[in-house]
Each structure stands twice: as structure tokens, then as C-alpha cells.
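Engineer: Got a predicted structure here, sequence first:
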Amino acid sequence: MQRATKGNLKNIIIDAILSSADEYYEMAGVPIYKAPEYFLNVNVAKTIAEQFPKVGYRLEMQVKELMSLFDISDKEVLNPDLLRFSGNFDLLLISRDNLKPRHVIELKRHLGRRAMKIEARRIAALCIQNHFRKQLKTGFIVTISRIKSKTSRAIPADEKIESRIDDVQDEIANLGNFSVSGLYYHCKNGEYGYGEHESLLVSVIEIKLLE
């Protein structure tokens, strides 16, 4: 049985996305980027729970409900605009034995710079909130991207990921002392229903508040 370390978690998330891409292409005949985000959320959550028996999950949990677990009202939220108190988190991992929250995961069907910055600020705002829950001081942004290799503007996958990590680091630098790292998997052209000169890029970016 694997331990639910952050490293193992990132690998399992990538495996879950690839399995979802295979399933969706087989069942729907189209690539995973055309699937609704909720399809990804459910499959990732189920795969994590299957691989880590001590980990459960909540889907679309309200921010205010999570804050209420720590007796934090809307007036006590440090960065309400960033945290979006009235919104939801895509996926919250919890401990099955005591139902305490562990990590927030936001899943996106693209690797756009603007969306990445918004989610990064939100996760960072949660990390620095005075909930005193160590595991909530680390969150993840999961993305899938369609990479087009036969264009003059094509950027190598590793450079694209490094660029987004730098963007995230810069975006949240004023909120605290964070480390930002990433793991990615770049599929071959044509796999999982993508075109001859297209490929699937899966990335998991980890945002951790340093002590």
C-alpha cells in the first residue's frame, strides 16, 4: 500500500488523467479536452481514493463550509477576494478516519496563463489562512493541454511548464514564502484521439507554503 505522500499523489493524478483520456476517447470518440471538467474531477478523486485507502474526498465543497470547520467566518478570511468565500473547490482530499481536510486540488482543461494565476492566488490564499492545518498549506493545480507541434509558434512542453511555474511563483510572491514545483507527462502525437500533429500534456503544479 502506497503512502499518500505529495510525490506519490502527483504521480497518481497523472495516471488518473491518462486513464480518463483513454476512457473518454473509447466511449465518446473525442479527446479528453472536450470532456466536461466534472468528468476529470470525479475520475481523479476516485483513482486517488482507490490507491490511498486512508484518503477520501469531497467534490465541489464550498469554501465557506471548509472555513466553518475552523470556525472562520467570512469577516475573518484574510483574502476574501482571492479565496472567493462564496465559491467551491473542485476537489478536497480528506482523511477517511477523521474526515479532516488534507489538500485542495483545482483541475483545469487548459494551461492558460490567466487562469493559472487566478487558481494560484486562490490556493496561496488558502495556504496562508489561519486554519492551523499543516496539510492545507499545500495545494495543487492540475491541467490538461493540447499541444500543437506543427506550428511556427510551438513551444516545447518542458519550456511551457517551466514558464507556468515561474508565472505562479511570481504571482504569489507577495502573499508569502512559497515553493512551486511541477510534474508533467507529455504524450505522443496522435494518442488518445488527438490529431496527427497534436498531443496531450498533463501537468500537476504544487504550491507549498514554507514554514
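Structural biologist: It's in.

Engineer: for the lowest-mean-pLDDT helix or strand in the chain, which positions count as buried?
Structural biologist: In the chain, no helix or strand scores lower on mean pLDDT, DSSP states H and E than helix 80-83, which sits at a mean of 88. By neighbour count on 16 or more other CB atoms under 10 Å, the buried set for helix 80-83 is 82-83. For glycine as for every other residue, the C-beta is placed from the backbone atoms N, C-alpha and C.

Engineer: For it, which outside residues touch it?
Structural biologist: With CB atoms under 8 Å, 6 or more residues apart in numbering as the test, helix 80-83 has contacts from 63, 74, 77, 121-122, 124-126, 129, 175.

Engineer: now, which of those lie within helices?
Structural biologist: Assigned to helices by DSSP state H, the following of the contacts of helix 80-83 qualify: 63, 121-122, 124-126.

Engineer: need the contact list for residue 192.
Structural biologist: By CB under 8 Å, 6+ apart, the contact list for residue 192 reads 18, 21-22, 25, 31-32, 200.

Engineer: what about the closest residue to it other than its chain neighbours, is that helix, strand or coil?
Structural biologist: Using CB to CB, 6 or more residues apart in numbering and skipping residues adjacent in sequence, the residue nearest residue 192 is residue 21, 4.1 Å away. Secondary structure for residue 21, judged by DSSP: H, G, I helix; E, B strand; the rest coil, is helix.

Engineer: Give me the number of neighbouring residues for residue 21.
Structural biologist: 24 (other CB atoms under 10 Å).

Engineer: what does residue 208 give?
Structural biologist: Neighbour count of residue 208, defined by other CB under 10 Å: 18.

Engineer: Okay, helices next: where are they in the protein?
Structural biologist: Counting by DSSP H, the chain has helices at residues 6-28, 37-51, 63-68, 80-83, 113-128, 157-172.

Engineer: most neighbours per residue, which of these?
Structural biologist: Most buried of the helices of the chain by mean neighbour count (mean count of other CB atoms under 10 Å) is helix 113-128; its value is a mean of 21.

Engineer: Please identify which of the helices of the chain is closest to residue 206.
Structural biologist: Nearest to residue 206 among those is helix 6-28 (6.3 Å), distances taken as CB to CB.

Engineer: Out of the ones in helices among the contacts of helix 80-83, the closest to residue 163 would be?
Structural biologist: Checking the ones in helices among the contacts of helix 80-83 against residue 163 by CB to CB gives residue 121 as the nearest, at 17.5 Å.

Engineer: how far away is the closest residue to the closest one other than its chain neighbours from residue 37?
Structural biologist: Excluding its sequence neighbours, the residue lying closest to residue 121 (CB to CB, 6+ apart) is residue 82, at 4.7 Å. Remark: distance between residue 82 and residue 37 (CB to CB, to the nearest Å) = 21 Å.

Engineer: rewinding a little: can you lay out the contacts of helix 80-83 as CSV showing distance to residue 165 and pLDDT?
Structural biologist: Putting the contacts of helix 80-83 into CSV (distance: CB to CB, whole Å; pLDDT from 0 to 100) gives the following:
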residue, distance to residue 165, pLDDT
63, 25, 92
74, 32, 80
77, 27, 83
121, 15, 94
122, 17, 94
124, 14, 95
125, 19, 94
126, 19, 94
129, 23, 91
175, 16, 94
